[in-house]
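S.K.: Predicted model, plus sequence, below.
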Amino acid sequence: MSDGSAFGTANCSTTPFHLAAYYNHIGVIEELLSRASINLDIVDDNGRTPLDLASFQGHRDIVELLLSNSATLFVADNITRRTPLHAAACNGHADSVQTMMSYMTNSAHIDCVDCYGRTPLMLAVMNGHFGVAQILVEHGAQVDCADKNLHTALHAAAANGTEECVEILIQYKADPTVSDYKSRTPVHFAAQSGHSGLLITLLRAGGSPTCPDKIGYTPLHWASYNGHEKCVDVLMENDADLTAGSSFSPLHCAIINDHGYCAENILDTMVGKSINVDVVDECGRAATHAAAFGDHVECLQMLLKHKAKVDVIDNLGRSPLMLASQLGQFNVVAYLMDNIFLEKLKLTQQDQFGNTALHLACIKGHENCGLTILEKCGDEIMSIANQDQKMPLHVAARSGCVQVVQNLVTRGADLFSVDNEGYMPILCCAPSIKIAECLDCILQAMLNAKKEND
């Protein structure tokens, strides 16, 4: 059978009755019904009745015919526990749904659930079928039923951006503050998906612009993170709390993804409300660190224009310059090394492991960052050792930063300084400790031989 997939899988228990219902052959159905022995609720291997298949296809006349002959309306299939009402609602067949309502003997059946806990109303809304949703709520469908993930129809409408569905659900008193298993409300979904019009509707209905989800993100966090400018505007206009929720603030969220408009809107509001623009997250990182992390120079410029500190230190003792150096974010390093920032940068600043920005650049082999730092720094940086007693020359040699090594040697870096392993910079050029030991042994033998010859 060429269209077997419409039945889930082609199977041997698909009868002519099923095929006639699916393909809308009403004459065949009438002939079959004239036989006293016909089973109206016969199921195929997937547990689907002729009524289910007719409902799925939206064949209203066959649905009416079967129901008028006492076909059972609420029979769940074997695949997803879908009923004929689910099938019609999911595909937006409003006339079939309307017909089913007139044959419903138990009003509670309107909220029957499939294996995922979804009601027909939820499926209709998920697929944007406003007409079906309206029929269901007018006949008493519960608007706040939740599926296994605690998603309601309003969550689905907010995520999909179906304005009519949101409006009809709100009209029938759907709760805009209800939370799913991640503690996210429909307001979170609208903000995350960028549906600013729906956001306004939900907030007017009592949704909160500030409530945090399980990771501490408020709707403003999500709108900022995804760069939904209009949603940020709406939330700010509705007095969203800039300091609520996760310490990785909406400003961090906007900056780390280079959403300049959102960041500037938030910054202007923070300054206007005297909120510290250098607010830090749980790692002690400010928005300037977020800009450094992503190599977002324009966002960094914006932050500094709003008086953000260029030398703020995180929990590891690293400034934005040090973080950018470690990650090889050359554009931020070059921008910060401009003369206007040199006095504030503290190039000799060491993190909790004793590394300077030059160490961090060289450890990771970011030679262009190391050279940019060297161009502006004084000679004192060359003699700073980290907790392993390694000078910049040690780590540059280990990482193969040839030009940095040449620069350091030319400027008089100590060629004989010894690290905690007893190695001079020359031995750090070896790719492994064992090779370094072999090299040390040979060098010592060569020196001894030279002394004997002298």
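M.R.: That came through fine. Residues are numbered from 1 along each chain as shown.
S.K.: Next, the contact list for G27, please.
M.R.: By Cβ atoms under 8 Å, 6 or more residues apart in numbering, no residues touch G27. Backbone N, C-alpha and C define where each C-beta goes, glycine included.
S.K.: And L199, by the same measure?
M.R.: Going by Cβ under 8 Å, 6+ apart, L199 touches V187, A190, A191, P219, C231, V234, L235.
S.K.: Longest helix in the chain, please.
M.R.: In the chain, with assignment by DSSP state H, the single longest helix is helix 433-453.
S.K.: and that one, what other elements does it pack with?
M.R.: Under the contact criterion of 3 or more Cβ pairs under 8 Å, 6 or more residues apart in numbering; DSSP states H and E, the helices and strands touching helix 433-453 comprise an empty set.
S.K.: in it, what counts as buried?
M.R.: Under the neighbour-count criterion of 16 or more other Cβ atoms under 10 Å, helix 433-453 has A436, D440 buried.
S.K.: quick one: contacts of it?
M.R.: E421, Y423, I426, L427, C428, A430.
S.K.: average model confidence for that helix?
M.R.: Average pLDDT, helix 433-453: 77.
S.K.: Now that helix - C-alpha only, CSV.
M.R.: Output of helix 433-453 as CSV, limited to C-alpha atoms (Å, rounded to 0.1, in the frame of the first residue of the first chain):
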residue,chain,number,x,y,z
ILE,A,433,60.5,16.0,30.2
LYS,A,434,62.5,13.0,29.2
ILE,A,435,63.8,14.7,26.1
ALA,A,436,64.6,17.8,28.2
GLU,A,437,66.6,15.5,30.6
CYS,A,438,68.5,14.0,27.6
LEU,A,439,69.1,17.5,26.2
ASP,A,440,70.4,18.6,29.7
CYS,A,441,72.7,15.6,29.9
ILE,A,442,74.2,16.3,26.4
LEU,A,443,74.6,20.0,27.1
GLN,A,444,76.4,19.3,30.4
ALA,A,445,78.7,16.9,28.6
MET,A,446,79.4,19.5,25.9
LEU,A,447,80.1,22.2,28.5
ASN,A,448,82.5,19.8,30.3
ALA,A,449,84.2,18.9,27.1
LYS,A,450,84.6,22.6,26.2
LYS,A,451,86.1,23.3,29.6
GLU,A,452,88.6,20.5,29.2
ASN,A,453,89.6,21.7,25.8
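S.K.: Now do that helix: distance to the chain's middle.
M.R.: 56 Å (Cα atoms, centre = their mean, to the nearest Å).
S.K.: just stretch 101-117 next, same as before
M.R.: 35 Å.
S.K.: Any buried residues in that stretch, and which?
M.R.: For stretch 101-117, the buried set under the neighbour-count rule, 16+ other Cβ under 10 Å, comprises M101, M104, I110, D111, C112, V113, D114.
S.K.: these two touch, right, the fourth one and D144?
M.R.: Pointing back at D111 there. No. D111 lies out of contact with D144 (Cβ atoms under 8 Å); the separation is 10.4 Å.
S.K.: Quick check: the gap between K344 and S319.
M.R.: Counting by Cβ to Cβ, to the nearest Å, the gap from K344 to S319 is 9 Å.
S.K.: out of these two, which sits in the more crowded spot?
M.R.: Neighbour count, other Cβ atoms under 10 Å: between K344 and S319, S319 has more, with 26 against 12.
S.K.: from memory that one sits against I313, does it?
M.R.: Yes. Counting by Cβ under 8 Å, S319 does reach I313; the two are 5.7 Å apart.
S.K.: which residues do these two both contact?
M.R.: Taking Cβ under 8 Å, 6+ apart as the criterion, S319 and I313 both touch Q349.
S.K.: Look at the residue nearest to R411 when sequence neighbours are not counted and report its pLDDT.
M.R.: For R411, ignoring the flanking residues on the chain, the nearest one in space by Cβ to Cβ, 6 or more residues apart in numbering is D379 at 6.0 Å. We have a pLDDT of 92 for D379.
S.K.: Neighbours of D379, how many?
M.R.: For D379, the tally of surrounding residues (other Cβ under 10 Å) stands at 11.
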